[in-house]
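Enquirer: build me a structure from this.
(one chain, ligands or ions: 2)
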Amino acid sequence: MIELKNVCLSYGDKLILKNVSLKVQDNTIKAILGPSGVGKSTILKLMLGLIKPDCGKVFVDGQDITNLKETELYDIRRKMGMVFQGNALFDSLTISQNIGFFLRENLKLPEDQVRKKVQEQINFAGLEGYEDQLPESLSGGMRKRVAIGRAMVFNPRMILFDEPTAGLDPVSSKKILSLISSLRHTSNLGAVIVTHIIDDVFNVADCVAVLYQGEIIFDDVTEKLHDAQHPFIRSILSDKILEL
Ligand SMILES: Nc1ncnc2c1ncn2[C@@H]1O[C@H](COP(=O)(O)OP(=O)(O)OP(=O)(O)O)[C@@H](O)[C@H]1O
Ligand SMILES: [Mg+2]
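Expert: Numbers count the residues shown, from 1 in each chain. Ligands and ions are numbered 1, 2, ... in the order given. Modelled structure (predicted):
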């Protein structure tokens, strides 16, 4: 579904990604694990075509998106929902209005269809009773659910999560991870989760790529992470923290 092939990227003279290749299959949960500042969010931006690589190619659904124009990227982005680290909700809109926003403003769907699709996501994300509240009155975990509902409303094939459990307490984290797991089973969706928290990987990911110093040092099914020999992976397995 998504592929980065020999991608390099620098910001100014700072080389962030050195020849990175990775694939994300349909209906699979893939984690991208790495320390802070390594380039995880950058990888999501490349997948969405928000930034272009200096070398290499990005494919989505078999199509080379590397050099597509902004207008040509609209249809590509519709295949991928995005859940931002800070959720990016509209503070002055209610939960229902947040979820329905792009259906009304971008797709200009008739009101009865918007209501139906919003209600489906309210039910899926467990937000019944919160429809008319503003985001500020919700907990961090509930706000994350709203962001997931809003990403789901276009029926994407894949959802991209930037640090889905960052800033959440352990119980809320678990609930969000099980909601992410359920995406695959109930809606046949795939997901990419970028995270610096190794427990996220073991809790939810089928496979994982580890990004370290600009390179992918591991890319396989999650269970095999235990057997990896790279010193960085050994250290995170023993410490269970990535804040190096
Ligand atoms: N637009 C930009 N211009 C210059 N440098 C940038 C830009 N965006 C990101 N960077 C730098 O590139 C590096 C990678 O950034 P990125 O946000 O992808 O890392 P990350 O792995 O998501 O980090 P975090 O764990 O903090 O979210 C960081 O050092 C960051 O400061
Ligand atoms: Mg980031």
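Enquirer: give me the low-pLDDT residue ranges for the protein?
Expert: Applying pLDDT under 70 to the chain flags residues 240-244.
Enquirer: how is it divided into domains?
Expert: Using automatic domain parsing, the domain parsing of the chain gives 1-24+37-78, 90-205, 209-244.
Enquirer: what's the spacing between the last one and its chain's center?
Expert: Mean C-alpha position of domain 209-244 versus that of the full chain (C-alpha atoms, centre = their mean, to the nearest Å) differs by 19 Å.
Enquirer: now for the lengthiest helix in the chain, which elements pack on it?
Expert: Longest helix of the chain, by residue count under DSSP state H: helix 170-187. If you count contacts as 3 or more C-beta pairs under 8 Å, 6 or more residues apart in numbering; DSSP states H and E, helix 170-187 packs onto strand 29-33, helix 140-152, strand 158-162, strand 190-195, helix 198-204. Quick note: C-beta positions are derived from backbone N, CA and C, even for glycine.
Enquirer: tabulate the ones you listed (JSON lines), appending distance to ligand 1.
Expert: Below are the helices and strands packed on helix 170-187 laid out as JSON lines (distance: least, C-beta to the nearest ligand atom, whole Å):
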{"stretch": "strand 29-33", "distance to ligand 1": "9"}
{"stretch": "helix 140-152", "distance to ligand 1": "16"}
{"stretch": "strand 158-162", "distance to ligand 1": "7"}
{"stretch": "strand 190-195", "distance to ligand 1": "7"}
{"stretch": "helix 198-204", "distance to ligand 1": "13"}
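Enquirer: same list, the ones you listed, but as TSV with mean neighbour count please.
Expert: Supplementary listing: the helices and strands packed on helix 170-187 in TSV, determined by neighbours: other C-beta atoms under 10 Å:
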stretch	mean neighbour count
strand 29-33	26
helix 140-152	23
strand 158-162	25
strand 190-195	25
helix 198-204	20
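Enquirer: so can I have TSV of those showing distance to residue 172?
Expert: Below are these laid out as TSV (distance: least, C-beta to C-beta, whole Å):
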stretch	distance to residue 172
strand 29-33	19
helix 140-152	3
strand 158-162	14
strand 190-195	15
helix 198-204	13
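Enquirer: ok, the residue in the chain positioned nearest to ligand 2 to residue 192 distance?
Expert: Minimum separation of the chain from ligand 2 (C-beta to the ion) falls at residue 41, amounting to 3.2 Å. According to C-beta to C-beta, to the nearest Å, residue 41 and residue 192 sit 12 Å apart.
Enquirer: give me the contact list for the longest helix of the chain.
Expert: For helix 170-187, contacts defined as C-beta atoms under 8 Å, 6 or more residues apart in numbering pick out 27-29, 124-126, 139-141, 144-145, 148, 152, 159, 161, 164-165, 168, 189-191, 193, 199-200, 203-204.
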